[in-house]
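Engineer: Predicted model and sequence follow; I will ask about them next.
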Amino acid sequence: MTPRAQSMRGVTLRYIAAALLLALVGMVLTLGSSERKWDKQFAPQHDLVLQKAPAASPARSESALRFLERVPTTGLADDDHSLEEKQKLIARVRRIAELCLDLCDTTRPLIETPLRLLNGTETGKVFDKTVAPVQCSALVSNTDLDASLESAKPPKNVPAELRSEFTIQDRVPISTKHYLVHNYFERSAPPVWSQKFIMHYREMAKAGTLAGSYNVDTTNAMRAALDKIPVPGSRALVVGSERPWIESLLLNRDAREVLTLEYGKIRSEVPNLITMQPREFASKYASGELELFDLVFTFSSLEHSGLGRYGDALNPWGDILSVAKMWCVTKPGGLLVLMVPVSATDVLHMNAQRLYGPLRTPYLMTNWDRIQFEGTEPGFNIKLFKKPLE
């Protein structure tokens with residue numbers, strides 16, 4: 001090869017090397033620019049999504065997914081519902097299922113837990129407990145839980161599509177001998193709890209002669225129960241009360257404030273006896289205006305929840321979710337005093353009430369600790385539960 005050819009070859013190789021170098025630099029700059037462009041275009045959007053994501057949306061467990069598979073997505077007309085009514089019913093129940101998940105799953109395992117006294121002493125007995133996450137903000141503010149019936153009148157039968165959920169996977173027998181129609185929401189005017197009326201109730205309660213909503217013996221049994229728990233100075237919630245007999249007992253025991261939660265409107269003229277309907281209650285909870293409660297009371301109310309007897313919409317888990325809402329508004333360490341009809345075996349009397357046996361009771365009282373009254377039990381199946389401190 002001549003010197004001139006060698007020189008030309010060297011120049012060509014230098015040009016090629018320079019071109020390759022420029023191309024490489026260009027690729028690096030392009031990649032850097034693309035990376036910065038990705039940062040600008042996508043990272044802020046990602047941050048925005050994180051800001052908007054609801055904080056209380058837990059990942060669904062395998063058990064929750066299995067539960068949702070059991071809940072129907074469509075339904076057929078029946079003797080109680082037109083096709084349109086049934087579809088609305090199923091859609092609402094499905095929305096509730098999407099909210100409660102494990103809480104409404106009545107296949108959750110039972111846990112043997114020590115039965116304690118109020119002071120924490122173990123009694124040597126155990127009770128079956130279940131636990132589940134509770135999305136309190138979404139649960140208390142959910143309007144589907146306080147909806148009215150889709151049908152024109154209370155249904156006589158459990159819808160076939162929901163039978164399994166109403167009966168804990170077909171383990172609870174159904175009796176249809178107790179069908180009732182109750183025009184609960186059609187009162188011409190709300191009752192008034194005047195100062196004079198409440199004082200009269202309080203005087204009879206002190207004398208042991210107040211019949212209240214049931215009879216004198218029941219009222220006195222509740223009074224005996226209140227003697228065993230710290231009522232003075234407490235803030236108490238009474239769920240489901242057309243007559244203020246529990247409220248009068250609490251005021252006699254120097255409760256600081258009593259709030260009655262009732263579907264029907266009631267007007268109270270007593271400053272420390274407040275009445276609310278569910279929508280107002282939920283609104284105050286959502287806005288942070290609702291002070292939590294030391295004590296919660298419900299007497300012969302839960303067994304009707306979700307059965308349609310009082311014009312409330314059908315809900316297979318109505319009672320379970322009602323107790324969960326009570327859990328949400330109770331202070332840690334607070335107490336729940338309740339009475340529900342109990343039986344050696346569970347029974348669903350459609351549409352009147354449930355009888356609670358060993359199958360449904362643990363799910364009804366999800367997350368609560370059972371507390372045994374010291375000394376003699378007050379009778380009338382009045383039971384005491386405590387919200388754990390942690």
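Structural biologist: Received the coordinates, thanks.
Engineer: and Gly75, how far is that from Val172?
Structural biologist: Note on Gly75: its distance to Val172, by C-beta to C-beta, to the nearest Å, is 21 Å. Heads up, the C-betas are built off the backbone N, CA and C, glycines and all.
Engineer: whoops, Asp105 was the one
Structural biologist: Distance, Asp105 to Val172, using C-beta to C-beta: 16 Å.
Engineer: Looking at these two, which one has more neighbours?
Structural biologist: Using other C-beta atoms under 10 Å as the criterion, Asp105 and Val172 rank with Asp105 on top: 22 against 18.
Engineer: what about Leu389, how many neighbours?
Structural biologist: When neighbours are defined as other C-beta under 10 Å, Leu389 has 8 of them.
Engineer: Tell me the pLDDT of it.
Structural biologist: Leu389 is assigned 91 on the pLDDT scale.
Engineer: Confirm that it sits in a strand.
Structural biologist: No: per DSSP: H, G, I helix; E, B strand; the rest coil, Leu389 lies outside any strand segment and is coil.
Engineer: how about the helices in this structure?
Structural biologist: Assigned by DSSP state H, the chain shows helices spanning 3-52, 62-70, 83-100, 136-141, 163-166, 195-207, 216-226, 245-252, 278-286, 318-328, 361-364.
Engineer: Check the offset of the last one from the chain's centre.
Structural biologist: The chain centre lies 13 Å from the centre of helix 361-364; the measure is C-alpha atoms, centre = their mean, to the nearest Å.
Engineer: Export only the CA atoms of that helix, formatted as CSV.
Structural biologist: Provided in CSV are the C-alpha atoms of helix 361-364 (Å, rounded to 0.1, in the frame of the first residue of the first chain):
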residue,chain,number,x,y,z
THR,A,361,-73.2,-15.1,68.2
PRO,A,362,-69.4,-15.0,67.6
TYR,A,363,-69.8,-13.2,64.3
LEU,A,364,-72.3,-10.8,65.8
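Engineer: tell me what that helix is packed against?
Structural biologist: strand 122-129, helix 318-328 (3 or more C-beta pairs under 8 Å, 6 or more residues apart in numbering; DSSP states H and E).
Engineer: and the last one, average pLDDT?
Structural biologist: Spelled out, it's helix 318-328. Rounded mean pLDDT across helix 318-328 is 97.
Engineer: Please enumerate residues in contact with the longest strand seen in the chain?
Structural biologist: Identified as the longest strand of the chain according to DSSP state E is strand 330-339. If you take C-beta atoms under 8 Å, 6 or more residues apart in numbering as the criterion, strand 330-339 is touched by 222, 225, 229, 237, 292-300, 302, 323, 326-327, 368, 371, 380-390.
Engineer: Relative to the whole chain's centre, how far out is stretch 272-286?
Structural biologist: That offset, for stretch 272-286, works out to 16 Å (C-alpha atoms, centre = their mean).
Engineer: Between the two ends of that stretch, what distance do you get?
Structural biologist: Taking C-alpha to C-alpha, to the nearest Å, stretch 272-286 runs 22 Å from one end to the other.
Engineer: one step back: strands - which of the contacts of strand 330-339 land there?
Structural biologist: With strands taken from DSSP E, the overlap with the contacts of strand 330-339 comprises 237, 293-299, 371, 382-386.
Engineer: quick one: which of these has the most company?
Structural biologist: Greatest neighbour count in the ones in strands among the contacts of strand 330-339, by other C-beta under 10 Å, goes to Phe297: 28 neighbours.
Engineer: ok so, going back, the helices of the chain: lowest mean pLDDT?
Structural biologist: Taking the mean pLDDT of those, helix 3-52 comes last: a mean of 36.
Engineer: buried stuff in the longest strand of the chain?
Structural biologist: By neighbour count on 16 or more other C-beta atoms under 10 Å, the buried set for strand 330-339 is Thr330, Lys331, Gly334, Leu335, Leu336, Val337, Leu338, Met339.
Engineer: same thing with stretch 149-166?
Structural biologist: Residues of stretch 149-166 classed as buried by neighbour count (16+ other C-beta under 10 Å): Leu149, Glu150, Ser151, Pro154, Pro155, Val158, Pro159, Glu161, Leu162, Ser164, Glu165, Phe166.
Engineer: Quick check: of the residues you listed, which lies closest to Tyr310?
Structural biologist: Ranked by distance to Tyr310 (C-beta to C-beta), the buried residues of stretch 149-166 are led by Pro154 at 8.1 Å.
Engineer: doesn't Gly311 make contact with the closest one?
Structural biologist: Yes: the pair Pro154 / Gly311 is scored as a contact, 7.1 Å apart, by C-beta atoms under 8 Å.
Engineer: if we can go back for a sec, pull the most distant pair out of the buried residues of strand 330-339.
Structural biologist: Across these (C-beta to C-beta), the longest gap, 21.7 Å, separates Lys331 and Met339.
Engineer: Turn the buried residues of strand 330-339 into JSON lines, columns for distance to Thr275.
Structural biologist: Below are the buried residues of strand 330-339 laid out as JSON lines (distance: C-beta to C-beta, whole Å):
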{"residue": "Thr330", "distance to Thr275": "19"}
{"residue": "Lys331", "distance to Thr275": "21"}
{"residue": "Gly334", "distance to Thr275": "21"}
{"residue": "Leu335", "distance to Thr275": "22"}
{"residue": "Leu336", "distance to Thr275": "20"}
{"residue": "Val337", "distance to Thr275": "19"}
{"residue": "Leu338", "distance to Thr275": "20"}
{"residue": "Met339", "distance to Thr275": "21"}
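Engineer: Out of those, which comes closest to Pro109?
Structural biologist: Nearest to Pro109 among the buried residues of strand 330-339, counting by C-beta to C-beta, is Leu336 at 22.7 Å.
Engineer: For Arg163, see how far away the closest one is.
Structural biologist: Applying C-beta to C-beta, the value for Leu336 to Arg163 is 30 Å.
Engineer: Done for today, thanks.
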